[in-house]
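Peer 1: how would this look folded up:
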Amino acid sequence: MSVSPCELRVTPSCTGSALTGLRGCDRCRQALRDELRALPGLHESCAQSLTPGRRPEVVRVKGGGIPGGISLNPTAVSVRASVLGVLSSWTALIVDELGVERPPSRRVHVLSTFLYRNLDWLLAHEAAADLAEEITDLADAARAVLDPSTSERVDLGSCGTPGCGMTVYATIGAGSDAVAHGASCAAGHHVAASQWLLLEEPDEVAEGVA
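Peer 2: Take a look at the predicted model:
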């Protein structure tokens, strides 16, 4: 019987074989389970960083009858919205394709638990690699909000390696040493800095030079 390679690539440089009936190895499966369990806490912690002081990119929101306006951390707002949106999307997939009852609420901890309980079904699905990438990206983004002293991931576009198509990202250092350390995708394909602009979608490049 042939053995299929892991498609999830959640753990660095994964070379494991997919479990029977699934598209991922046991190590990546466990790592994804851990990230799903961590998301509710990360989502809640991001709420505490909505006020200034955690990151420099804070915008002033005026109006609404609040004297002087309020200050919000746009990165934290975006990450929290993304967590809810992604979990809701995968929940809808399970409900639609399995015909199971929808979770009682759209709260993050409820949706995360629902996905956790149906994870093996998702890992057998043809979109398993997309799930793994989105969940790990969300967890990484939330941790970057909570610990701005660490490096930050910037997505650049789809990997051009034939048969890959995963997202290529650059790791940007924080503070006075803010430099790009390199760009690669989760599969380990590296891209030189001179090629980063070539990763953009053609329409986006066209709009930028119009």
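Peer 1: can you pull the buried residues of the helix or strand harbouring Ala132?
Peer 2: Assigned by DSSP states H and E, Ala132 belongs to helix 128-146. In terms of neighbour count (16 or more other Cβ atoms under 10 Å), helix 128-146 has its buried residues at 128-129, 131-146. The C-beta positions use only the backbone N, C-alpha and C, and glycine is treated the same way.
Peer 1: From the contact counts, what lies against it?
Peer 2: When contacts are defined as 3 or more Cβ pairs under 8 Å, 6 or more residues apart in numbering; DSSP states H and E, helix 128-146 packs onto helix 26-47, helix 74-98, helix 119-123, strand 152-158.
Peer 1: average pLDDT across that helix?
Peer 2: Helix 128-146 carries an average pLDDT of 92.
Peer 1: which residues touch that helix?
Peer 2: For helix 128-146, contacts defined as Cβ atoms under 8 Å, 6 or more residues apart in numbering pick out 7-10, 22-24, 28, 31-32, 35-36, 38-39, 42-43, 45-46, 49, 54-55, 73, 75-76, 79, 82-83, 86, 90, 122-123, 125, 150-153, 155, 166-167, 186.
Peer 1: Check stretch 22-33 too.
Peer 2: Contacts of stretch 22-33 (Cβ under 8 Å, 6+ apart): 4, 6-11, 14, 16-19, 116, 119-120, 123-126, 128-129, 131-132, 135-136.
Peer 1: So for it, what gets flagged as buried?
Peer 2: Those buried within stretch 22-33 under the rule 16+ other Cβ under 10 Å are Leu22, Arg23, Gly24, Cys25, Cys28, Arg29, Ala31, Leu32, Arg33.
Peer 1: swap in stretch 8-27?
Peer 2: Buried residues in stretch 8-27 (16+ other Cβ under 10 Å): Leu8, Arg9, Val10, Thr11, Cys14, Gly16, Ala18, Leu19, Leu22, Arg23, Gly24, Cys25.
Peer 1: Kindly report the same for stretch 100-107.
Peer 2: For stretch 100-107, by 16+ other Cβ under 10 Å, it's Pro103.
Peer 1: and the end-to-end length of it?
Peer 2: 18 Å (Cα to Cα, to the nearest Å).
Peer 1: And the contacts of it?
Peer 2: Leu84, Ser88, Thr91, Ile94, Val95, Val110, Leu111, Phe114, Asn118.
Peer 1: What's the ChimeraX syntax to select whichever of those residues are buried?
Peer 2: Per 16+ other Cβ under 10 Å, the buried members of the contacts of stretch 100-107 correspond to this ChimeraX selection:
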select :84,91,94,111,114,118
